[in-house]
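Visitor: Next input, structure requested:
(2 chains)
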Amino acid sequence: MTWAPSSATVGLRDLVDLLRSEWTKFRTVRGWLIGLLLAAMLCVLFTFLVADGGHEGGCSGPPTPGAGPNSPGSGCYTGHPFVPTGPDGEAVADTYQFVGKKMTGNDMITARVTSLTGLTSTNPGNVAPSLSATRPGLAGWAKAGIMVTSSTVQGSPYAAVMATGGHGVRFQYDYSHDRPGRPGAVSASSPRWLRLTRVDDTLTGYDSIDGANWTKIATTSVGGLPAAVNVGLFATSPLSFQASGGGAPTRATARFDKVMIAGRSVRGAWRAHTVGTGARDFYPSLGAGTSRRSGNSFLLAGSGDVAPAVNPIAGGDSAAETLLFGLIVSLIVVIVVATMFITVEYRRGLIRTTFAATPRRGRVLAAKVIVAGGVAFATGAAAAAVAIPFGEHILEANGNYVFPADALTVASVIAGVGALVALTAVAAVALGTIARRSAGAVTAGIILFVLPYIIGSFASASTQEWLFRLTPAAGFSVLGVLPRSALVESTYTMTNGYYPLSPWAGLAVLCVYAAIAVGLANLVLKRRDA
Amino acid sequence: MREALVAEWTKLRTLSGTAWLLIGAVGLTVAASAAIAATTHISSGGGQDPTKLALSGVELGQMVLVAFAISAISEEYGTGMILLSLAAVPRRRVLLAAKAANVGFMAILTGVLAVAGCLLVGHQMLPAAGLDAVHGYAPVSISQGPTLRAAGGTVLYFVLVALLSLGVATAVRETAVSIGAALGLLYLPPILAQLLSEPLRRLIQQIAPMSAGLAIQNTTKLRSAPIAPWSGLGVLAAWALAALFLGGLLLRLRDA
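Guide: The predicted model follows:
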């Protein structure tokens, strides 16, 4: 019995040979390689121009040695306000009214919230909020409750159990983590009992309606808690976006009674802190925080938020955003090169030789698509890998606040940009196959893949959102890395830098367009005389 | 020169793509204007310029004209026809001038039809969108001086964009690259201007071919516009002349 290769093995070997021949065709045209290099370089160049275009303030006077440009004590007066960084390395809002004591051991705090009311600023956005221009109105994420925090420095690790304006009782820790407790609003007839226990690094939140039957909400281990922590009551109230686009500062007033800190490790007198309302802190607040105590009852008023920082409140940028225009420029170059990859064969008659060598036309198209897509992926990813750190550096040097991005986020943007450029190149090859002529194919490619973005940047906000949802421009969602959070009410719209689709959903939309183009190309290629 | 003109006219006229491309340019321009007029509403902001709105389809429709003007010369390079053309008309500047005259004539034809369609669309659709006498807007009509200037200027804009594209294609010779370069030159600077801060933004709006050239469509708020209507069209004319000059120079100096 002799060994015969299976048909699958032969097919694979054919494809490898075909890929090799297409790759040779591509790499031996010097103009195309120069074109792709140019695409990557233009991308970086325009990222620089766009990043450099937005100056925000500047350094007046020499910077303090050793102090970062964002730290509050820095002598360097940069343009943007201070945005704290949380324990997970993310941008956070940490502005609230606190009254508490020091605690060294494993103890617990209990309190009853009997009322939570709010005020909303009625001043327009360009006038400083003032307590004399308000209307009654409690923000949905107004928070009042008990908190254990490592310190009152902004961005410290913490855990808290709280009553909220519209989301019931919550157990939250380290800014972005949230567990729901008992739903419903707080009132004198329906008060909420809250309890927080500490056992070393483990914090557990409970709630109750009568102070006798307790329900555990959740347990968490908060890293980085020192032996001596602050334990006490807090109140805060975030911007409200109910009325207008700009966001109105609000203020919450909470009444606590039956406050009890059990345990021998709690010492000293009650001390009030107003956290994060300095002149350079970014979170706008309504009036100064106040706290009044009589025995075991407290009245706290606070304004701000303890949550992730998002735009437009934080006014931050991302390097990925500055990449967009350069990406458009390089997409045009890539569309031109990818289209020519096939139209030149038609013009020179080489296509007949190609089909004579490989009569199965679908395979030729597949090989071309793979080669063009692979080369385009490398071009896009390389351009993004250079442009993103570069753009971030320029933005920061110009005094803009750049949201911190971890390595995984940066890597996914780089891969996403590569995929975006690759899918566009694949579709351009398909359009070239359908049109056979460069003029039609390049024009169609630019109309389909570049024009929606151009129209969007001049159209109304709602038109722009639809274009970025339905057209191939959805692929640009891979650049959407601005932080967003379900715990923060904000206007997550394109005017504030938020894409309507998530990165992968946007890429999937682009993928559908590329797949349709390739499908059509395959169909006409098989039916038509070459 | 006359023979060259007639020869180019015959070539351009008998190409199957020509008629379709020009019909496409007119159709796309009018359709885009209609789409914009249909989505416009008085509530989306006051102080609108009805004439500019009616003519805004040009921004999209010019794409097809660009492709047409570029094909007029680059496809000759693609097929090798250029050798024959140069054998028939050895004076290369004459050949380019004949091509430019014919492409320009086609662009006038396209421009007149497209602008007429756009004005009709504006006249019919914009009052329905609330841009009517009640809100202080006169109907779009060329009986008004500024609208007539905008309409005539837009036809000239078409011609200049076609000549600019022809110049680029003569210099580049490759269809795909020429289209990428011409469309990039037209569309990218206005977006870049949006992303930059003053005074760079205003500078780009004053010198970029599309944003400067389309200033001819402004009929209101002329003072706050980055560039005056006719100066803007002049900037575009300078671009077109420069491109044709560069193309002509390369055509003369280079081996075909």
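Visitor: Confirm A:L131 sits in a helix?
Guide: No. Note on A:L131: no helix contains this position according to DSSP: H, G, I helix; E, B strand; the rest coil, which reports coil.
Visitor: Wait, it touches A:L286, no?
Guide: Yes. Counting by C-beta atoms under 8 Å, A:L131 sits close enough to A:L286 to count as a contact (6.8 Å). C-beta: built from backbone N, CA, C; applies to glycine.
Visitor: neighbour count winner among those two?
Guide: Relative neighbour count places A:L286 above the other of A:L131 and A:L286, with 27 against 13, counting by other C-beta atoms under 10 Å in any protein chain shown.
Visitor: for chain A, what are the nearby residues on chain B?
Guide: For chain B, the residues in contact with chain A (C-beta under 8 Å from any C-beta of the partner chain) are B:17, B:39, B:44, B:60, B:63-64, B:66-67, B:70-71, B:74-75, B:78-79, B:174-177, B:179-180, B:183-184, B:187-188, B:190-192, B:194-197, B:200.
Visitor: what touches both of A:L131 and A:L286?
Guide: Taking C-beta atoms under 8 Å, 6 or more residues apart in numbering or on different chains as the contact criterion, the common neighbours of A:L131 and A:L286 are A:119, A:251.
Visitor: Find the nearest non-adjacent residue to the one residue sitting closest to the centre of chain B, please.
Guide: The residue at the geometric middle of chain B, judged as the C-alpha nearest the mean C-alpha position with C-alpha atoms, centre = their mean, is B:F158 (3.1 Å). By the measure of C-beta to C-beta, 6 or more residues apart in numbering or on different chains, the closest residue to B:F158 outside its immediate chain neighbours is B:G111, 3.5 Å from it.
Visitor: Tell me the spacing between that neighbour and chain A.
Guide: 19 Å (C-beta to the nearest C-beta, to the nearest Å).
Visitor: And that residue, which helix or strand is it part of?
Guide: Secondary structure here is read from DSSP states H and E; on that basis B:G111 sits in helix B:92-125.
Visitor: Packing partners of that helix?
Guide: For helix B:92-125, the contact count by 3 or more C-beta pairs under 8 Å, 6 or more residues apart in numbering or on different chains; DSSP states H and E identifies helix B:2-14, helix B:16-39, helix B:50-54, helix B:58-79, helix B:81-88, helix B:145-172, helix B:229-253 as packing neighbours.
Visitor: mind running it again at 6 Å?
Guide: The helices and strands touching helix B:92-125, judged by 3 or more C-beta pairs under 6 Å, 6 or more residues apart in numbering or on different chains; DSSP states H and E, are helix B:2-14, helix B:16-39, helix B:50-54, helix B:58-79, helix B:145-172, helix B:229-253.
Visitor: Tell me who's in contact with the residue nearest to the centre of chain B.
Guide: B:107, B:110-111 (C-beta atoms under 6 Å, 6 or more residues apart in numbering or on different chains).
Visitor: which residues does B:L12 contact?
Guide: Neighbours of B:L12 in contact, by C-beta under 6 Å, 6+ apart: B:18, B:102.
Visitor: repeat that for 7 Å
Guide: Neighbour list for B:L12: B:18, B:72, B:102, B:106 [criterion: C-beta atoms under 7 Å, 6 or more residues apart in numbering or on different chains].
Visitor: which one of those residues has the most neighbours?
Guide: Neighbour counts for the contacts of B:L12 (other C-beta under 10 Å) peak at B:A72, which has 27 neighbours.
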